[in-house]
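*Asks:* test case, fold it:
(one chain, ligands or ions: 1)
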Amino acid sequence: MLASIIAWDRQTLILAQINKAEMLLTRTVPLSEISYLGEKRSGWPQEGNASNALGSGHPTLETNSSGKEWTAARRLPQALIIGVKKGGTRALLEFLRLHPDIRALGSEPHFFDRHYARGLDWYRSMMPKALDGQIVMEKTPRYFVTVDTPARVHAMSQDVKLIVVVRDPVTRAISDYTQIISKTPDIPPFESLAFKNRTTGQIDSLWSPLWIGLYAQHMERWLAWFPRSQIHLVSGERLISDPAGELGKVQDFLGLQRIVTDKHFYFNKTKGFPCLKKPEGSSKPHCLGKTKGRTHVSIDPEVIQKLRDFYKPHNQRFYQLAGQNFGWQ
Ligand SMILES: Nc1ncnc2c1ncn2[C@@H]1O[C@H](COP(=O)(O)OS(=O)(=O)O)[C@@H](OP(=O)(O)O)[C@H]1O
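*Replies:* Numbers count the residues shown, from 1 in each chain. The predicted model follows:
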């Protein structure tokens, strides 16, 4: 929903917007909150319960010029980024948050996998407030691999749109292990966890960093509850090489206008990743944090080859389910 500027002074703009019920909504916005390209950074109205990895805070819910509160409400999500861990889920969520019709929770609520007993009212209370027409979403990458989650999500909504960012499972496993060892430096080397028996080359597919990469197996569980058309797959590799292209397809899937485009990104050579262009007048960093895009632990190429051989049939099955070849070796 686009807003029109109806009045301004040196510090503030007064914006007007007609919502779906054709009510005229107005709001006063400090100029300091207005970001580049004239967009409000993460939709409006906003409030302050969600953290943002890119550092933009959410101002508290405001009142309009007549002193009444906005008609925004907390609603259950209509879209979920369900996985995969280390696929690029944070980047996707932060890029989507640039869209004025998306209201996304910044933190991972882990409702369907850890906090289900708290009930849907608790889950709803975690969500940012949103206007009619705005899409509420959250990301919890663990949902993709937790057995009970598809049925639980289905019980909340049969129409929810599901997004999975997938990445070469071998690279993903090494990324996962790199994170684990950064937190627990005493764990055994990758090789001794990845193999049940290094000499015979038998892979331990139940070791979490490898098990998560069995995408076909996890996808089949979701397809038992949701049609393929309700699940959108994002290539984690292309999210890095062509973020605007991948974002375009996600916006189409969500039924949104393509507002997040190549104008929003630049390639940061130091980081080696796409970052968001710096909003005018802001000194905040707009690359993702240090835990995203870090140098991986180095793994023996022979081990990598064994993992590639292991994943080959699983990847082929996943491509068939997906109707899409992700080109992993
Ligand atoms: N723009 C941009 N900037 C930084 N990092 C990016 C970006 N796009 C994708 N990625 C990749 O995202 C990987 C982390 O994935 P997730 O955010 O899904 O991780 S997590 O599951 O939430 O821990 C992270 O994995 P590592 O490179 O292994 O750190 C990145 O490769």
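*Asks:* contact residues of the protein facing the ligand?
*Replies:* 85-91, 141, 175, 239-240, 273-274, 288, 292-294 (C-beta under 6 Å from any ligand atom). C-beta coordinates here come from the backbone N, C-alpha and C atoms, glycine included.
*Asks:* which single residue of the stretch 101-250 of the chain ends up nearest the ligand?
*Replies:* Among all residues of the stretch 101-250 of the chain, residue 175 sits closest to the ligand, at 3.1 Å; criterion: C-beta to the nearest ligand atom.
*Asks:* buried set for the helix or strand containing residue 171?
*Replies:* For residue 171, the host element (DSSP states H and E) is helix 169-183. Judged by neighbour count (16 or more other C-beta atoms under 10 Å), helix 169-183 contains these buried residues: 169-180.
*Asks:* could you point out which element follows it?
*Replies:* helix 190-194.
*Asks:* residues in contact with that following helix?
*Replies:* With contacts defined as C-beta atoms under 8 Å, 6 or more residues apart in numbering, helix 190-194 is touched by 173-174, 177, 187, 198, 203-204, 207, 209-210, 297, 299-300, 303, 307.
*Asks:* redo that, cut-off 7 Å
*Replies:* 177, 198, 203-204, 207, 210, 297, 299-300, 303, 307 (C-beta atoms under 7 Å, 6 or more residues apart in numbering).
*Asks:* and those residues, which of them are buried?
*Replies:* 177, 203, 207, 210, 299, 303, 307.
*Asks:* who's in contact with the closest residue to the last one other than its chain neighbours?
*Replies:* Closest residue to residue 307 in three dimensions, ignoring its sequence neighbours and counting by C-beta to C-beta, 6 or more residues apart in numbering: residue 170, at 4.7 Å. Residue 170 makes contact with 304, 307-308, 311 under the criterion C-beta under 7 Å, 6+ apart.
*Asks:* tabulate the residues you listed (JSON lines), appending pLDDT and secondary structure.
*Replies:* Below are the contacts of residue 170 laid out as JSON lines (pLDDT from 0 to 100; DSSP: H, G, I helix; E, B strand; the rest coil):
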{"residue": "304", "pLDDT": "97", "secondary structure": "helix"}
{"residue": "307", "pLDDT": "97", "secondary structure": "helix"}
{"residue": "308", "pLDDT": "97", "secondary structure": "helix"}
{"residue": "311", "pLDDT": "98", "secondary structure": "helix"}
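*Asks:* can you select the buried ones from the residues you listed in PyMOL?
*Replies:* To isolate the buried ones among the contacts of residue 170 in PyMOL, judged by 16+ other C-beta under 10 Å, type:
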select buried, resi 307+311
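*Asks:* spatially, which two of the contacts of residue 170 are the most separated?
*Replies:* 304 and 311 (10.7 Å; C-beta to C-beta).
*Asks:* quick revisit: dump the residue contacts of the residue of the stretch 101-250 of the chain closest to the ligand.
*Replies:* Here residue 175 is in contact with 86, 296 (C-beta under 7 Å, 6+ apart).
*Asks:* quick test: name the residue nearest the centre of this structure.
*Replies:* Centroid-nearest residue in the chain: residue 93, 3.2 Å away (criterion: C-alpha atoms, centre = their mean).
*Asks:* hang on, the earlier thing: would you mind giving the buried ones among the contacts of helix 190-194 as a markdown table with distance to residue 251 and secondary structure added?
*Replies:* Output for the buried ones among the contacts of helix 190-194, formatted as a markdown table (distance: C-beta to C-beta, whole Å; DSSP: H, G, I helix; E, B strand; the rest coil):
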| residue | distance to residue 251 | secondary structure |
| --- | --- | --- |
| 177 | 33 | helix |
| 203 | 38 | strand |
| 207 | 36 | coil |
| 210 | 33 | helix |
| 299 | 36 | coil |
| 303 | 39 | helix |
| 307 | 34 | helix |
